[in-house]
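Colleague: Predicted model and sequence below, questions to follow.
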Amino acid sequence: MLNPLQLGSLRVETPVLLAPMAGVTDLPFRRQAHRFGAPYVVSEMVAGDQLVRARRDMVRRTAGAGLLSPLVIQLAGREPRWMGEGARLAEAAGADVIDINMGCPSKTVTNGLSGSALMRDPDHALRLIEATVAATSRPVTLKMRLGWDAAALNAPAIAARAEAAGVQMIVIHGRTRCQFFRDRADWGAIRATVEAVRIPVIANGDIASAADARTALRLSGAAGVMIGRGAQGMPWHTAAVARALAVGGEAQAPSAAIIGDSLAEFYEDSLSFYGHALGLRVARKHIAWAIEAGALALAPEARRAARADICRLDCPTTVQRALRDIFAAQPQLEAA
């Protein structure tokens with residue numbers, strides 16, 4: 001049983017969070033997760049300087065006011081000035097919480113000295129944190145890794161400085177940047193950060209089930225968990241894990257028919273959000289993930305054929321019908 005999470009005036013009853021994931025947690029996906037009952041969902045990473053320059057894709061990533069509550073927008077950047085300006089714009093766009101990205105391991109991000117590269121320069125990282133906190137009246141949170149590499153596990157020290165600067169919650173992915181997504185996340189290593197601060201610390205990395213969540217909580221001592229890749233293709237999964245932690249047992253999937261309806265709604269939402277051409281490309285990726293993730297009573301060859309057939313279609317009505325048909329014919333999905 002988890003205690004509620006308090007961020008300013010925001011209360012999260014069961015702190016099971018959906019992680020920010022580039023190319024995954026766009027607004028249509030987060031809306032489905034929210035409809036299934038996910039307590040807290042985070043946007044894709046938004047580059048603060050590009051948001052200030054009104055780059056279309058970055059502005060689009062801040063959407064969600066009036067549709068999601070809470071609206072959590074993650075900012076990334078290298079310069080305190082642009083992070084502060086980005087925070088102001090995110091608040092103006094309706095953000096209830098602003099998260100700072102210091103965990104992304106991508107070379108594209110770290111080569112620009114953003115994301116987890118900031119953990120190599122804690123003094124500069126602190127200036128960026130202070131600028132973000134000073135620029136907004138909204139709670140500011142921070143997501144990072146254990147450190148840059150095994151020789152520099154400095155998350156506890158950075159977390160303590162971030163707390164002093166006004167950050168209200170820390171999320172720790174249980175790997176170093178140099179591990180990327182190799183090996184298993186070390187949930188026990190997160191405990192050092194939990195013990196270094198008084199604010200809530202959330203455990204992240206390789207949490208794909210309620211059993212994983214319970215183990216991560218026990219080993220880390222964290223106040224909650226954040227689910228990332230374990231939710232890919234399954235917008236219902238975060239809410240299912242949250243319910244399992246609240247009442248006991250394992251995460252129960254919705255019926256296959258409900259998942260099919262959700263996918264059809266997601267497809268329509270994607271076309272509306274991105275426009276037909278881009279929405280079609282984005283939605284196909286999610287549909288493929290959902291078919292692979294779903295415990296469909298199909299042989300592997302039949303599953304691949306179904307995925308290929310649906311992803312070749314471009315008539316919205318036909319796609320939605322096909323999605324509902326393939327899932328409606330399936331039995332209850334397995335627990336996770």
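Modeller: Structure's in. What do you need?

Colleague: ok, now which ones touch Val167?
Modeller: Residues near Val167 by C-beta atoms under 8 Å, 6 or more residues apart in numbering: Ile100, Ile129, Val133, Val140, Thr141, Leu142, Ile199. For glycine as for every other residue, the C-beta is placed from the backbone atoms N, C-alpha and C.

Colleague: of those residues, closest to Thr25?
Modeller: Thr141 (15.2 Å; C-beta to C-beta).

Colleague: Surely the closest one is in a helix?
Modeller: No. With DSSP: H, G, I helix; E, B strand; the rest coil as the criterion, Thr141 is strand rather than part of a helix.

Colleague: From Ile170, how far off is it?
Modeller: Per C-beta to C-beta, to the nearest Å, Thr141 is found 7 Å from Ile170.

Colleague: which of those two has more neighbours?
Modeller: Legend: neighbour count by other C-beta atoms under 10 Å for Thr141 and Ile170, higher for Ile170 (28 against 23).

Colleague: Show me the strands paired with the helix or strand harbouring that one, marking each as parallel or antiparallel.
Modeller: In the assignment (DSSP states H and E), Ile170 maps to strand 169-173. Strand 169-173 pairs in its sheet with strand 140-145 (parallel), strand 201-204 (parallel), by DSSP bridges.

Colleague: For those, give me JSON lines that also has mean pLDDT and distance to Phe36.
Modeller: Output for these, formatted as JSON lines (pLDDT from 0 to 100; distance: least, C-beta to C-beta, whole Å):
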{"stretch": "strand 140-145", "mean pLDDT": "98", "distance to Phe36": "23"}
{"stretch": "strand 201-204", "mean pLDDT": "98", "distance to Phe36": "20"}
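
Colleague: Next, count neighbours for Pro254.
Modeller: Pro254, neighbours per other C-beta under 10 Å, totals 18.

Colleague: Please disregard the earlier target; I meant Asp206.
Modeller: Close neighbours of Asp206, defined as other C-beta under 10 Å, add up to 21.
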